[in-house]
Each structure stands twice: as C-alpha cells, then as structure tokens.
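[1] can't give you the sequence, but here's the structure:
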C-alpha cells in the first residue's frame, strides 16, 4: 500500500503538531471509552484516501464505519485511526495508526504507523514484513527465561496477576501500553513477545489486530489466542480471551506456562 504513504505522512504530522481534544463515546455494551478529534480526523483522511484509490471498497473502521457487513465486499479497508487513544491523550508514544486491506474476507496487506517513534511497518501477503523499508524477521530467543516480554502496564501492576509474572519469569518484563505498540516492539526487535492475560471487559477488535497479525505472520511469528488458535486464521470481530504474540515456539511456551498456572490455582 505504498500509495497510502503520503496520507500517512500527513496523519503523522497532524499527530505530532496538534494537541488532541478528547471526549467520550459509549460502546454497545455500555462501556465508556475516550475518543479525540485526532481519531476522527485521521479516520476521515484514511477513508477518503482508500475510497479515492478503490471507490467500490468497503470500509470497516472503529469510529464511523463499524458495521462488519462491509467485510463482505470484494475489497475492504479495516481501519483503526488511533489504537491507544488513552496513551495519545496521556502524551506517551504507545499508540499507532492501523490499516489493513482485505480481499474476499482475508487480509492481504497491512500497515502500522507509530508517529512518535518514526516507525512504519508494512507488509503484503507472502512478501514479508518491513520497517521503514527494511525487511523484518523475528528471532526466536533460546527460551522464555531469556526473553523480553511486553505486557500491559496496568496488568503488570495488578496484584491478582502477580503469580502469572512469577511463573513466566522472562528476563525482562517491559510495560507497553495499547495493543499495536506491543506488536511493534516485537517487530522492531525491542521485545521478543507480548502477552495479555484475559481480563473482564477487555477485548481486541478486528480493526485493532488485522494489520498487526498479518505483519507478525509475514515476519515469521503469529498472534495466538490462549487456546492456541491463530487470530489471523479465525479473524473474530471481537476477541476477549487474552492473547500472546511473537515467534510461534515462544508463544506456545507462554501458553504452556499459563495452563500450568491455571492448574495450580
């Protein structure tokens, strides 16, 4: 999706130059989540660019086009204008712009852009993943205890999860906010894997993970549910059961430790 670069450059500049003005939105289940003017402006830019390039494409996006019926289109753009709105509002770098192109219901290209980090991850099916134009391939650490693991800052501080972190015992636990920035840490080599235990009321949606899951696969890894299923293969609109991302063997090792933890409780 090289044609999208100029628009992503504009979006990046807007994020870097403008202070977001936040409000709230109410989800279908009654939860209240933040939204900013930048979420809406960036989504508008991305949708306009997508439809200019492919006028008949469907749009499935977080803020204004959230009807999954669009996925039935021959081509469909799946967009999260800002994954990590809370982090954007807080002024941290842990947020990303995510765009995936679906063809006949399957992702065939994806891009993640992290404005504050100057990183743009791109991929197309069966052609590999790149960061700022340089090929990316995940390296498998020898074992979990030598790995650097990205986790949610709130989960890392949650006393009810203390036994999880004790049993996992990676070399380093790195608190990283939002979903796509965790995946970006894996893709650029700053972390080996990311893990998110299940938490009531917390989900990832297709617009969150579609581009990231394809990027991971193209780099030699995967995004896996805790029952061992590839989210890239199953493509649920909403996944609420926790997840692990990274090289396949390391993901399986984390799942095994989690099962042992559950059995010990």
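    Arrived safely. Here the structure is a predicted model, which is why all the values come from computation and not from measurement. Numbering: from 1, shown residues only.
[2] State the helix or strand in which the residue nearest to residue 207 when sequence neighbours are not counted lies.
    Nearest non-adjacent residue to residue 207, counting by C-beta to C-beta, 6 or more residues apart in numbering: residue 80, 4.1 Å away. Every residue, glycine included, has its C-beta placed from N, CA and C. Take DSSP states H and E as the rule and residue 80 turns out to sit in strand 75-83.
[3] And that strand, what's buried?
    In terms of neighbour count (16 or more other C-beta atoms under 10 Å), strand 75-83 has its buried residues at 76-83.
[4] Looking at the residues you listed, point me to the pair that's furthest apart.
    76 and 82 (19.9 Å; C-beta to C-beta).
[5] ok, residue 93 to residue 184 distance?
    10 Å (C-beta to C-beta, to the nearest Å).
[6] which residues of the stretch 1-150 of the chain fall in strands?
    Assigned by DSSP state E, counting those that start in this stretch, the strands in the stretch 1-150 of the chain fall at 22-26, 32-36, 58-61, 75-83, 96-103, 106-114, 119-124, 129-131, 134-136, 148-151.
[7] what do you get for the stretch 151-265 of the chain?
    Counting by DSSP E, counting those that start in this stretch, the strands of the stretch 151-265 of the chain are 172-175, 193-196, 204-205, 221-225, 238-239, 243-247.
[8] quick check, distance from the last one to the centre of its chain.
    The reference is to strand 243-247. Between the centre of strand 243-247 and the centre of its chain there are 11 Å (C-alpha atoms, centre = their mean, to the nearest Å).
[9] Same question for the first one.
    On the basis of C-alpha atoms, centre = their mean, strand 172-175 sits 18 Å off its chain's mean C-alpha point.
[10] What of the third one?
    Using C-alpha atoms, centre = their mean, we find the averaged C-alpha position of strand 204-205 to lie 9 Å away from the chain's own average C-alpha position.
[11] In its sheet, which strands sit next to it, and in what direction?
    strand 238-239 (antiparallel) (DSSP bridges).
[12] And for residue 5, the neighbour number?
    By other C-beta atoms under 10 Å, the residues close to residue 5 number 13.
[13] can you pull the pLDDT of it?
    pLDDT recorded at residue 5 is 97.
[14] Chain neighbours aside, what residue packs nearest to it?
    residue 120 is the one closest to residue 5 (C-beta to C-beta, 6+ apart), at 7.8 Å.
[15] ok, now which ones touch that neighbour?
    Listed by C-beta atoms under 8 Å, 6 or more residues apart in numbering, the contact set of residue 120 reads 5, 8, 111-114, 131-132.
[16] Take those and lay them out in CSV including distance to residue 224.
    Converted to CSV, those look like this (distance: C-beta to C-beta, whole Å):
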residue, distance to residue 224
5, 30
8, 28
111, 22
112, 18
113, 24
114, 23
131, 22
132, 27
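[17] Would you mind giving me the ChimeraX syntax to select the buried ones in those?
    Only the buried entries of the contacts of residue 120 go into this ChimeraX selection, using 16+ other C-beta under 10 Å:
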select :8,111,112,113,114,131
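[18] From residue 250, how far out is the spatially most central residue of the chain?
    Nearest to the mean C-alpha position of the chain, by C-alpha atoms, centre = their mean, lies residue 180 at 2.9 Å. Distance, residue 180 to residue 250, using C-beta to C-beta: 19 Å.
[19] Could you do residue 226 as well?
    With the distance defined as C-beta to C-beta, residue 226 ends up 14 Å from residue 250.
[20] Residue 22 contacts residue 34, doesn't it?
    Yes: counting by C-beta atoms under 8 Å, residue 22 touches residue 34, with 5.2 Å between them.
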